[in-house]
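Trainee: coords please:
(chains A, B and C)
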Amino acid sequence: MAALFEEIRRSPLLWLLVLVPIVLVAHLIAPTAHTMLFVLSVAAIVPLAALLSRATEAVASRTGDMVGGLLNATLGNLTELLIALAALRAGEYVLVKASIVGAIVTNSLFMLGASFLLGGFRYHVQEYNRSSARLQGGLLFLATIAMLVPSVLADARSGVKDAAFTQTLSLCLSILLIVTYALGLIFSLVTHRELFASESHGEASEKEWPISLALGTLAVVTVLVALVSEIFVESVQQAATTLGITPAFVGVIVVALVGGAAEMVSAFAAARNNKLDLSVGIALGSAVQIALFVAPVLVLCSYFLGPSPMDLQFWPGAVAMMLIACVTASLVTNAGRSAWFIGALILTVYIIFAMTLYLLPPRAQ
Amino acid sequence: MAALFEEIRRSPLLWLLVLVPIVLVAHLIAPTAHTMLFVLSVAAIVPLAALLSRATEAVASRTGDMVGGLLNATLGNLTELLIALAALRAGEYVLVKASIVGAIVTNSLFMLGASFLLGGFRYHVQEYNRSSARLQGGLLFLATIAMLVPSVLADARSGVKDAAFTQTLSLCLSILLIVTYALGLIFSLVTHRELFASESHGEASEKEWPISLALGTLAVVTVLVALVSEIFVESVQQAATTLGITPAFVGVIVVALVGGAAEMVSAFAAARNNKLDLSVGIALGSAVQIALFVAPVLVLCSYFLGPSPMDLQFWPGAVAMMLIACVTASLVTNAGRSAWFIGALILTVYIIFAMTLYLLPPRAQ
Amino acid sequence: MAALFEEIRRSPLLWLLVLVPIVLVAHLIAPTAHTMLFVLSVAAIVPLAALLSRATEAVASRTGDMVGGLLNATLGNLTELLIALAALRAGEYVLVKASIVGAIVTNSLFMLGASFLLGGFRYHVQEYNRSSARLQGGLLFLATIAMLVPSVLADARSGVKDAAFTQTLSLCLSILLIVTYALGLIFSLVTHRELFASESHGEASEKEWPISLALGTLAVVTVLVALVSEIFVESVQQAATTLGITPAFVGVIVVALVGGAAEMVSAFAAARNNKLDLSVGIALGSAVQIALFVAPVLVLCSYFLGPSPMDLQFWPGAVAMMLIACVTASLVTNAGRSAWFIGALILTVYIIFAMTLYLLPPRAQ
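Mentor: Next up is the predicted model:
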């Protein structure tokens, strides 16, 4: 436990953990104070996500490369998954889908762009391993395309809506995506692990946690994230209306920034230390994981947890945003070098997305 | 003739030639047994396509580099052309267009992906000539875009349909595409032949055929493919209904796999021999040829052979599939290196297309 | 003045300046002879644009690198801006938007393709600085995407039209684009000027103009372009109807070719001198400038000059053309090498666009 408190003492972000009991108590006392609960739950998830990420790495570093890699790969987006599962149980499928969209767009535009910008402020031109970045960019492109095929083809079928067809297709597609994800794990952890070597998140200088502490923290924090996510999902609709924010903005922008905060801290630190390979790996790898793992798992879970099965049909604007985000990330990382303005331009595209979603008239979604 | 029989004896695929007389006789005896005729004609076209490809190469190797290259370039997709011409004569324009879509998608996703996968099973990482692959990828992108401009612009014009406009545009576009194709032949066979040097299909170890045998085989097999294609086109609609397969699936997936079987055998063999340049060249070159040569020739032929002129307007889902296929092939071959998982991911996109077409409710196309 | 007359004597294109007084007088005498005025004004703008470009460079070369670069960057598309402003004042927003579309498409397809083709006729294969071209291609892609986000998302929102939303979004977007453009100037003129070094338009061999002559020419020619543009905008609608040309064709193709004539002369000359870096820089840089500077400036100006505010909503076919143009330019310049056929293929895409716009039934736009 000493290691845990030491960790919390050192990292100001984790001081926000004090909000966790506050939000839980506030929910008991005033379950209808939606705006307050929304703000508190958002602020409480950030340090929980950071701690979850730290605990995952601690477990991973104790269980050997293979199992550790597997853990990092499956639990890397655990916060996003837990929030989406809470929304799934509440039947808020629009929010679930918005959080998938947001995770892909935020990882491949905001995290990548801000990494380039922050790195570019310190270094004139940053070079990074092009062949590895190109591989990641290719994976992201193919993974996103694969996830979007039904939406693209269905859009294109001009108006024909067939719920049974969409549902069957989404189910088959989800199974196929998970199989592809499993193949990808074999690729990155077994047959071609040397290509992904630079992606180890753990810093050598960090103190190692005992395995019992790591597992215990992982379990407790997972439960806490799940609890706070429930409160978040419950309050978000009302709060958004009160604050005049569109639900699309909350789902795509707020949830993704909150859920990905921990990874962003790592990616930005790496960029400022001129390890842009690592930043690109975290940003694109996380986006790939959303498309190939989190999204299909949510579809499968909807059969057990949700009021009705969820499909993988996204609204056309979401398809456009995801395609633009993944093509942008693929094209940009293709170059293997970066300067601050490239980062600024990628962020501009992200800001334009956010601005559009913010201005979108509520009824139009 | 001894060389021909020797060839047949050596290649088990060609033993299927025995199905050719069977399907012709079956059609005379039971012209309404659509399902049987469909299965037999599909199975009979595969060895005919292989033999056609072998005969084309034999003629090409006897006529010098220039004429030979021209022959390979124009007759390389002769099977696809003959099937499409049979469909054209029957007025089955949906099937004609589906076979164009299928040829592009199958060449640039299935053939490329399976080559990468098969090569990747044997070699850890395969490097290939990036600048030549990038050239091919660029050609494919531009050729597909050129063919799709009317569909993209017309889609975009939101509901305005003007048959005369579409027809005039398709005719002008077809002439322009064929002129571009002719320029491409001058480029690859005259001014810049050294860039395409690695693409010779013929294996030095194969026995050369006498020119008379080669020409004779070419003529006879062309007639046989045309005859069997007629039976195929006649039976496909009924058979698809009986088997519960959607016509879109038959047109895009089955016809393309059958028509391209011979080239796939060459591309896969090259990949397994670590000649990925050759595989990429066959796959992308063949897709380019469909867009710049086969498609416009079919439009022009429709004025003479079909009941009415055919246009180059594709249904929106087809446009999406072709764009995704050519952007994927361009981006992926850009890297110049491959491993098995890249192949698996490309194949996943293809399988998702096939799955979507298979599940598509028939009335929705 | 001697330097100016020497310049005119040497350059046959500038002899067309004699048309400027002719068109001004003709407009006074016969203000309803629309077809004649249209043809005369188009022909008069070409030499004016060339002279404007020459004067801008002369001023730039006298004012030091920084201010000079800024001048070139802001006045590089002054002709396009003046024509669009004339259309804006007349409330011809369709023409304004068409000229934005045309400038992007013409720069990134026609200017680039023709440069590759002309260079390729003289040199077997032309290599150019890939990392700089890739940077330019990335900028163009991101700039175009940024400008198109509202159109893409609005299209995708299937039919929901909300004028207030579109207008607010366009205004915010315009401010954001101009900020991004300012950041880009800091990037290219201050922090990373060495990456753009090869782009200096001025030829060392040209005679320098005195600063007073340069400034005077700039002022006088700007006024003349503005006057002739008024006549052009006034006559174009009637003339197009008389000549049977669609307004879309005039806006996208004619205006852009006329406005960009001066830059094309520079880009083509560079290509023929094997300085393809320079051609690519002029073509893509000019397209970037349209998206990040000219388009948002026109939106802002519409609040003061136009009858009503203009938005940045483009019709779907225009979005498709701009996306295709910028993806094509990004992908093609990625290769870093060129041969004549690449140029021919890029030009083919441009010709297909022109052909489609020419054939488009007038009512369908």
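
Trainee: count of neighbours near A:Thr241?
Mentor: Residues near A:Thr241, counting by other Cβ atoms under 10 Å in any protein chain shown, number 14. For glycine as for every other residue, the C-beta is placed from the backbone atoms N, C-alpha and C.

Trainee: Report the contact partners of A:Met111.
Mentor: If a contact means Cβ atoms under 8 Å, 6 or more residues apart in numbering or on different chains, then A:Met111 has A:Gly260, A:Glu263, A:Met264, A:Ala267, A:Ser279, A:Ile282, A:Ala283, A:Ser286 as its contacts.

Trainee: now swap in A:Phe187 and tell me
Mentor: B:Ala339, B:Trp340, B:Phe341.

Trainee: thinking the last one is in contact with B:Gly120, fair?
Mentor: Yes. Look at B:Phe341 against B:Gly120 with Cβ atoms under 8 Å: they come within range, at 7.4 Å.

Trainee: Chain C versus A:Ala58, what's the distance?
Mentor: A:Ala58 sits 38 Å away from chain C, going by Cβ to the nearest Cβ, to the nearest Å.

Trainee: now swap in A:Gln238 and tell me
Mentor: Using Cβ to the nearest Cβ, A:Gln238 is found at 23 Å from chain C.

Trainee: Can you name the residues of the stretch 251-365 of chain A sitting close to chain C?
Mentor: Residues of the stretch 251-365 of chain A that fall close to chain C, judged by Cβ under 8 Å from any Cβ of the partner chain: A:315-317, A:319-321, A:324, A:327-328, A:331-332, A:334-335, A:337, A:339-342, A:344-346, A:348-349, A:351-353, A:355-356, A:359-361, A:363-365.

Trainee: From those residues, which land in strands?
Mentor: If you go by DSSP state E, those have A:Arg337 in strands.

Trainee: What's the local residue count around the residue nearest to A:Gly260 when sequence neighbours are not counted?
Mentor: Of all residues not flanking A:Gly260 in the chain, A:Thr106 sits nearest, at 5.8 Å (Cβ to Cβ, 6 or more residues apart in numbering or on different chains). Counted with other Cβ under 10 Å, the neighbours of A:Thr106 add up to 31.

Trainee: doesn't A:Ala256 make contact with A:Thr106?
Mentor: Yes. Counting by Cβ under 8 Å, A:Thr106 touches A:Ala256, with 3.8 Å between them.

Trainee: those helices in the stretch 151-300 of chain A, which residues are they?
Mentor: Taking DSSP state H, counting those that start in this stretch as the test, the helices found in the stretch 151-300 of chain A are A:163-186, A:211-243, A:247-249, A:255-259, A:261-272, A:276-289, A:295-305.

Trainee: And the ones you listed: which comes nearest chain B?
Mentor: Among those, the nearest to chain B by Cβ to the nearest Cβ is helix A:163-186 (5.0 Å).

Trainee: buried stuff in the closest one?
Mentor: Across helix A:163-186, burial judged by 16 or more other Cβ atoms under 10 Å in any protein chain shown covers A:165-167, A:169-174, A:176-178, A:180-181, A:183-185.

Trainee: what does stretch A:135-152 give?
Mentor: A:135-152.

Trainee: Check whether it comes near chain C.
Mentor: No. Stretch A:135-152 lies out of reach of chain C by Cβ under 8 Å from any Cβ, never closer than 10.6 Å.

Trainee: still on that earlier bit, which one of the contacts of A:Phe187 is nearest B:Ile8?
Mentor: Using Cβ to Cβ, B:Trp340 comes nearest to B:Ile8 of the contacts of A:Phe187, at 33.5 Å.

Trainee: Extract the CA atoms of stretch A:54-73 and return them as PDB.
Mentor: Taking C-alpha atoms only, stretch A:54-73 is exported to PDB below (Å, rounded to 0.1, in the frame of the first residue of the first chain):
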ATOM      1  CA  ARG A  54      -0.900   2.400 -13.700                       C
ATOM      2  CA  ALA A  55      -2.300  -0.800 -12.100                       C
ATOM      3  CA  THR A  56      -2.600  -2.600 -15.500                       C
ATOM      4  CA  GLU A  57       1.000  -1.800 -16.200                       C
ATOM      5  CA  ALA A  58       2.100  -2.900 -12.800                       C
ATOM      6  CA  VAL A  59       0.300  -6.300 -13.200                       C
ATOM      7  CA  ALA A  60       1.700  -6.600 -16.800                       C
ATOM      8  CA  SER A  61       5.300  -5.900 -15.700                       C
ATOM      9  CA  ARG A  62       5.000  -8.800 -13.200                       C
ATOM     10  CA  THR A  63       3.500 -11.400 -15.400                       C
ATOM     11  CA  GLY A  64       6.100 -11.700 -18.100                       C
ATOM     12  CA  ASP A  65       6.200 -10.200 -21.600                       C
ATOM     13  CA  MET A  66       3.500 -12.300 -23.200                       C
ATOM     14  CA  VAL A  67       0.800 -12.200 -20.600                       C
ATOM     15  CA  GLY A  68       1.700  -8.600 -19.800                       C
ATOM     16  CA  GLY A  69       1.400  -7.600 -23.400                       C
ATOM     17  CA  LEU A  70      -1.900  -9.300 -23.600                       C
ATOM     18  CA  LEU A  71      -3.100  -7.400 -20.500                       C
ATOM     19  CA  ASN A  72      -2.000  -4.100 -21.800                       C
ATOM     20  CA  ALA A  73      -3.700  -4.800 -25.100                       C
END
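
Trainee: quick one: buried residues of it?
Mentor: Under the neighbour-count criterion of 16+ other Cβ under 10 Å, stretch A:54-73 has A:54-63, A:68-73 buried.

Trainee: I'd like to know how far the nearest residue to A:Ser229 once chain neighbours are set aside sits from A:Ile186.
Mentor: Excluding its sequence neighbours, the residue lying closest to A:Ser229 (Cβ to Cβ, 6+ apart) is A:Ala86, at 3.8 Å. Distance, A:Ala86 to A:Ile186, by Cβ to Cβ, to the nearest Å: 31 Å.
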